[in-house]
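[1] Provided below are the primary sequence and the corresponding predicted coordinates.
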Amino acid sequence: MDKAKTSRSHADTFGSLTFTGNVLHKRLPTDIHEKLQQTITRGLPLEPSIANAIALAMKDWALEHGATHYCHWFQPLTGATAEKHDAFLTPNGDGSAISSFSGDQLILGEPDASSFPSGGIRDTYEARGYTAWDATSPAFILKTPEGATLCIPSVFVSYHGEALDKKTPLLRSIEEVNEHAMRILRVFGTDQGVSRVHVTLGSEQEFFLVDKEFYNQRRDLQICGRTLIGSPPPKGHQLDDHYFGAIHERVMAFMTEVDQWLCELGVPLKTRHNEVAPGQYEIAPTYETANIAADHQMLVMHVLQAVAGRHGFVCLLHEKPFSGVNGSGKHVNWSLSTDTGLNLLDPQDEAHTNMQFLVFLTSVVRAVDLHADVLRASVSGAGNDHRLGAGEAPPAIMSIFLGELLSDILDQLKKGEPESTKKRGLLNLGAHTLPQIPRHGCDRNRTSPFAFTGNKFEFRAVGAMATVAWPSTVLNTIVAESLDYMATQLEGKKGKIPTPEQLKTRVKTLLRDVVEKHRRIVFDGDSYSEAWHMEAQKRGLPNLKTTVDALPSLKSRKAMDLFAKYGVLSNRELKARIDVQLEKHNTILGIEARTLSGILKTQVLPAAIRYQTELAEAAAATRSAGLECPDTEAQLKSLIGTIHEFRTATETIETASTSNSPDIEAQARQVRDELIPAMERVRTLADALERVIPDDLWPLPTYAEMLFVR
């Protein structure tokens, strides 16, 4: 393979594939550029009159980079991205053709939307759907060795304007956070020069790499993205030697190309390293505004999978591709910043005197406590059910880690007015040649699902395959509700800006009240421990262990009213998402069950029978020689018993995967209570067979091969 050639196949120069920054400034007239910037930076409505000029500049730029087609690039409820390509070339009546791209084509698209999940919003015969340009997220050119396409980030809605995608509610939720955060800034008089509060995100991405050769021999990986059977290797991550270890040369070549391509697409990749498990890695960009970060996260997954194949790998994004081995998540770092650059979640040195910060901090605490069940539902999924609470990722119990410094301030607030901030100090490392290191305001708690990490919250429960748009939408909405509550309390009954004395009294009273009611959600200890599970139950915190347990919380009147009140999702739109998620959960498990049954019957069972035959022949030959062979006979007897159990357990999968109920929730409960346990039982038996059947008879690549062979 010509690495130099393939690594440059997607672009010609760095930073050239996004329609933003210098590209906008150079190609658009000054007045049009300024109007577009008002939409991008301040959230003002886009003036339709400037669309034609933007479309012309965008088309010319795309053609110069080899693009022949354009598409509205959107995120339907499948959880993936979608695109329909249209050619720039338009035929004339005289047999000639011209390249054209109008403002109307830029702003609006009309795909055949009948086959996308809608949760009952549309019937199959209602095929019309609309994609609409999201001007706040930069267009980009996606190049492959076969050609190039201009991709225009868009929303996707039904004929009646109902959201059928992940982006529309995200944009709505961002607007709500901005509105109510600005109210709080006005109360404190710190809104001077501030026109907007941005939600910012930085999404870490974990993934596995396996050799394509092994992947092609594993039907479960090909169809399901995870191994349905497989005995853990003798060595996993017990020695912690892979974590932050030297990156293998072949993997480094892969990561270098990923870095380069994402840089060209405008994704600000910052970090790359080996993760905990062998064969597992992580990359992470710096923070961006939430909308762009959500789009870029989808691009990150696309690039990872596209580049892996060029290096003989397959990139696995499933949350649990290997049982008994550390799973993969997507840690979403969430914060609030003004358009003037002020981070509203930065406590600064004397946090106890920073009343504005404490209002924003306790708003988040209140939001997570009031809506812990909804936040848990936002990270639900068949894949993530393998990971949450498995001693390697946050538990299904939502809690907040604040750290010693901030937890102490909360305790002071509960008693009265806070009087001090614990000093962070310096760490003396004991050698004159080493510098003294300033300590952060808090430690890091990797067991917490929602941890404060200095000037942001890290939502650690998001699954590796998931789009960050949906959990971010939920988080934004519950925080917007809390910001609304806090602003209303501070403004008073008349909704006016209070005097300094009134403000001081109201802040003190409000903070004490919020801390008293919602301090229970804060836990700074080991969230993996059984003791925490017992303590959480005493505190009344929900423990929704599976997708089937969690999703019904979105149907509660409280949740329905929340999303409807803030215009993020109507009741109909929210119910549709619940149905889509439940159906996806059931479908994924059904596919896994059928795949597993096929592997067991056509690969594992024949291998077991061949080994049984070998043992039987060895025992017969030994006896015919006049010798006793009790060990071989005992081994044969044990194997026959295991094979019998294995056959019976395999049959139960087909029985458990059959449901006659038209109720999707009843189907989901059957999957949880019958099918998943049946699959786990037969997996245990299959893994036991793998441990005794000789390598030359075992039909599948093993964990040891897939995780360690490079």
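    Alright, I've got the coordinates. Residues are numbered from 1 along each chain as shown.
[2] Every contact and neighbour count from this point should use C-alpha atoms.
    Fine.
[3] Let me see the ranges of the strands in the stretch 351-500 of the chain.
    400-401, 426-427, 437-438, 450-452, 457-459 (DSSP state E, counting those that start in this stretch).
[4] which residue is nearest the centroid of this protein?
    The centre of the chain sits closest to residue 466, judged by CA atoms, centre = their mean, with a distance of 3.7 Å.
[5] Identify the residue spatially nearest to that residue, adjacent ones excluded.
    Nearest residue to residue 466 in three dimensions, chain neighbours excluded: residue 79, at 6.7 Å (CA to CA, 6 or more residues apart in numbering).
[6] Tell me the confidence at that neighbour?
    At residue 79, the model reports a pLDDT of 92.
[7] And for it, the neighbour number?
    By the criterion of other CA atoms under 10 Å, residue 79 has 17 neighbours.
[8] just checking, it touches residue 468?
    No - the criterion here is CA atoms under 8 Å, and residue 79 misses it with residue 468 at 9.7 Å.
[9] contacting residues for residue 185?
    191, 356 (CA atoms under 8 Å, 6 or more residues apart in numbering).
[10] Wait, a strand at it?
    No - per DSSP: H, G, I helix; E, B strand; the rest coil, residue 185 lies outside any strand segment and is helix.
[11] pLDDT wise, what is it at?
    97.
[12] And residue 12, by the same measure?
    39.
[13] can you list the weak-confidence ranges in the stretch 401-550 of the chain?
    424-427, 429, 432-434, 436-443 (pLDDT under 70).
[14] just the helices in it please.
    In the stretch 401-550 of the chain, the helices defined using DSSP state H, counting those that start in this stretch lie at 404-415, 469-491, 500-518, 530-539, 547-550.
[15] tell me the angle the third one makes with helix 469-491.
    Our comparison of helix 500-518 with helix 469-491, counting by axes from the mean of the first three to the mean of the last three CA atoms, to 10 degrees, yields an angle of 130 degrees.
[16] Not counting helix 500-518 itself, show me its contacts.
    187-188, 355, 358-359, 362, 365-366, 369-370, 410, 413-417, 486, 489-490.
[17] let's see it at 7 Å
    With contact meaning CA atoms under 7 Å, 6 or more residues apart in numbering, helix 500-518 is reached by 359, 362, 365-366, 369, 410, 413-414, 417, 490.
[18] Tell me which two of the residues you listed sit farthest apart.
    Spatial extent of those (CA to CA) is set by the pair 369 and 417 at 22.6 Å.
[19] Number of residues surrounding residue 144?
    14.
[20] chain center to stretch 487-500, what's the gap?
    Computed by CA atoms, centre = their mean, to the nearest Å, the separation of stretch 487-500 from the middle of its chain amounts to 38 Å.
[21] end-to-end on it?
    15 Å (CA to CA, to the nearest Å).
[22] and the residue lying closest to residue 87 once chain neighbours are set aside, what does it touch?
    Spatial nearest neighbour of residue 87, chain neighbours left out: residue 69 (4.2 Å); criterion: CA to CA, 6+ apart. Residue 69 makes contact with 85-88, 149-150 under the criterion CA under 7 Å, 6+ apart.
[23] Can you say which of the contacts of helix 500-518 are buried?
    For those, a neighbour count by 16 or more other CA atoms under 10 Å gives the buried set as 359, 362, 365-366, 369, 410, 413-414, 417, 490.
[24] rewinding a little: of all the helices of the stretch 401-550 of the chain, which lies closest to residue 99?
    Of those, nearest to residue 99 by CA to CA is helix 469-491, at 34.5 Å.
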